[in-house]
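[1] Provide a 3D model corresponding to the input given below.
(one chain, ligands or ions: 3)
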Amino acid sequence: MLRANMEYKCSVILTKALILSALVNCVHSAAAAAAGSVRLTPMYGNRPVCTGNNCRAGCPGKSTYFRKSCTNCNTHTSQCCDGVINDYFQNDQFENLFSNRDSFEAHAKGFWDYHSFIAASAHYQPYGFGTTYINSTFFGTKEVAAFLAHVGARTSCGNEVASKEPLEWGLCYNKEINSNSNNYCDEHDKNVYPCAPGVAYYGRGALPIYWNYNYGEVSKDLKVDLLNHPEYIEQNATLSFQVAIWRWMTPIMEHQPSAHDVFTGYWKPTKNDSLAKRVSGFGATINVLYGDLVCGQGDNEFMNSIISHYLYYLDLMGVGREKAGPHEVLSCAEQVAFNPTPSSSP
Ligand SMILES: *[C@@H]1O[C@H](CO)[C@@H](O)[C@H](O)[C@H]1NC(C)=O
Ligand SMILES: *[C@@H]1O[C@H](CO)[C@@H](O)[C@H](O)[C@H]1NC(C)=O
Ligand SMILES: *[C@@H]1O[C@H](CO)[C@@H](O)[C@H](O)[C@H]1NC(C)=O
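    Ligands and ions are numbered 1, 2, ... in the order given. Predicted coordinates:
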């Protein structure tokens, strides 16, 4: 939902009350703007502490982060991964999910395609993306539906085409229209990830990343120089999906789960998590990705839009929405955020 016209308005207005009040389209812009003002909370600018090569070198728990959730299925562990996504997810399903992305109203007409998604996921399948089994139950199809639901909700222009079915408008955008001229260059990160002159680190990707910090982290993982060339993401759909899957597979902070972990149930809630009503499942992925901008707020339009996309995609992918689980697992309406915003004064 990288939406141009709302961007400016929302980056100025950051209160929870307003976010709650129907400014659904602005949640993302508000999220990005909030990150600039609160450096020590990585959540809202998606600034994972434990990511990519850092993670592989030893966090959390000094193990290789991505790998640890994915061992070969020949070894009879309770969690393993095997197979490839294109065994069960085909081009015609992708076309059904994103049926209007190339229509004349779409803002990224001609950009996205199935092969880009498959090529992008190849990098992450060995870490369990779309390939995970837990105690012999396959989670891959549901995980791809869940991931794409976040993508669809985030890149939709369904609200702009009122006469049409809103769930059919995922992948309408491929970047934030940076109308407030924020270049998202965080001074604090300049030593590690110096901002290149003349470029802006606004939201790009199928699940957008913001800020020089994140562009730098993704660069390390993908070995593409996105710090000097952030525009590559909006020119290359494979890269755009890779950025999104990186976001899905990477914890925001050390000792926290990724969206992938909470979805597959690899993550086990602690007593504190249970007290905070955090349970593994789809709702917790919303919590990981959006925190208290969306979660713990009761029902709200943006959360419901993500959930609706998920149910719709489960149907189209042949899994069926009845397999989605009960509402308290699907929703994060009652969950306390993994990373609460300290400055979230209403
Ligand atoms: C698999 O099942 C065993 C036995 O029921 C359980 O202890 C374990 O936590 C399960 N593994 C996962 C990853 O859920
Ligand atoms: C797009 O990005 C992918 C993944 O980083 C890369 O392999 C491919 O060469 C890029 N395509 C172009 C045309 O640059
Ligand atoms: C659980 O929550 C309590 C109270 O907020 C806190 O003191 C404690 O450190 C937490 N435990 C863990 C394992 O996070």
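
[2] any low-confidence regions in the stretch 151-300 of the chain?
    161-164, 178-180 (pLDDT under 70).

[3] Can you list phi and psi of the residue in the chain that ligand 2 sits nearest to for me?
    Nearest residue of the chain to ligand 2: residue 236, at 3.7 Å (C-beta to the nearest ligand atom). Glycine gets a C-beta too; all of them are placed from N, C-alpha and C. The phi/psi pair for residue 236 (degrees, to the nearest 10) reads phi -140, psi 110.

[4] residues contacting it?
    Residue 236 makes contact with residue 116, according to C-beta atoms under 8 Å, 6 or more residues apart in numbering.

[5] Give me the phi and psi for residue 72.
    Torsion angles, degrees, to the nearest 10, at residue 72: phi -60, psi 140.

[6] so how many other residues sit close to it?
    The tally of other residues near residue 72 (other C-beta atoms under 10 Å) stands at 11.

[7] now it: how far from ligand 1?
    15 Å (C-beta to the nearest ligand atom, to the nearest Å).

[8] thought that residue was touching residue 83?
    No - contact criterion C-beta atoms under 8 Å: residue 72 and residue 83 do not qualify, at 11.3 Å.

[9] quick one: buried residues of stretch 277-293?
    Residues 277-293 are the ones in stretch 277-293 that count as buried (16 or more other C-beta atoms under 10 Å).

[10] That one close to ligand 1?
    No - between stretch 277-293 and ligand 1, judged by C-beta under 6 Å from any ligand atom, nothing touches; the nearest distance is 9.0 Å.

[11] Regarding that stretch, how distant is the last residue from the first?
    16 Å (C-alpha to C-alpha, to the nearest Å).

[12] Please list the residues of the stretch 201-346 of the chain that sit near ligand 2.
    Residues of the stretch 201-346 of the chain lying near ligand 2 (C-beta under 6 Å from any ligand atom): 222, 224, 236, 238-239.

[13] Would you mind checking the residues you listed for buried ones?
    Neighbour-count burial (16+ other C-beta under 10 Å) applied to these gives 222, 224, 236, 238-239.

[14] Throw these into JSON lines and include secondary structure, thanks.
    Shown next, in JSON lines, are these (DSSP: H, G, I helix; E, B strand; the rest coil):
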{"residue": "222", "secondary structure": "helix"}
{"residue": "224", "secondary structure": "coil"}
{"residue": "236", "secondary structure": "coil"}
{"residue": "238", "secondary structure": "helix"}
{"residue": "239", "secondary structure": "helix"}
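
[15] Going by distance to ligand 1, which of the residues you listed wins?
    Nearest to ligand 1 among those, with distances taken as C-beta to the nearest ligand atom, is residue 222, at 28.3 Å.

[16] looking at it, the closest one is touching residue 242, isn't it?
    Yes - between residue 222 and residue 242 there is a contact at 5.6 Å, judged by C-beta under 8 Å.

[17] Overlap in contacts, those two.
    With C-beta under 8 Å, 6+ apart, residue 222 and residue 242 have common neighbours residue 123.

[18] Figure out how far stretch 312-324 is from the centre of its chain.
    On the basis of C-alpha atoms, centre = their mean, to the nearest Å, stretch 312-324 sits 20 Å off its chain's mean C-alpha point.

[19] Can you mark which positions in that stretch are buried?
    Buried, per 16+ other C-beta under 10 Å, within stretch 312-324: 312-317, 319, 324.

[20] can you tell me which two in these are farthest apart?
    316 and 324 (13.1 Å; C-beta to C-beta).

[21] thinking again about what came up before, inside helices: which ones of the buried residues of stretch 277-293?
    Residues of the buried residues of stretch 277-293 located in helices (DSSP state H): 282-290.

[22] Same list (the residues you listed) but as CSV, adding distance to residue 260.
    Formatted as CSV, those follow (distance: C-beta to C-beta, whole Å):
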residue, distance to residue 260
282, 12
283, 15
284, 11
285, 8
286, 14
287, 13
288, 9
289, 11
290, 16
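
[23] Return the closest of those with respect to ligand 1.
    Checking these one by one against ligand 1 (C-beta to the nearest ligand atom), the nearest turns out to be residue 284, at 14.5 Å.

[24] My guess is that closest one contacts residue 263. True?
    Yes - counting by C-beta under 8 Å, residue 284 touches residue 263, with 7.3 Å between them.

[25] Helix, strand or coil: sort out residue 306 for me.
    helix.

[26] Leaving out sequence neighbours, find the closest residue to it.
    Excluding the flanking residues, the one nearest residue 306 by C-beta to C-beta, 6 or more residues apart in numbering is residue 153, at 4.3 Å.
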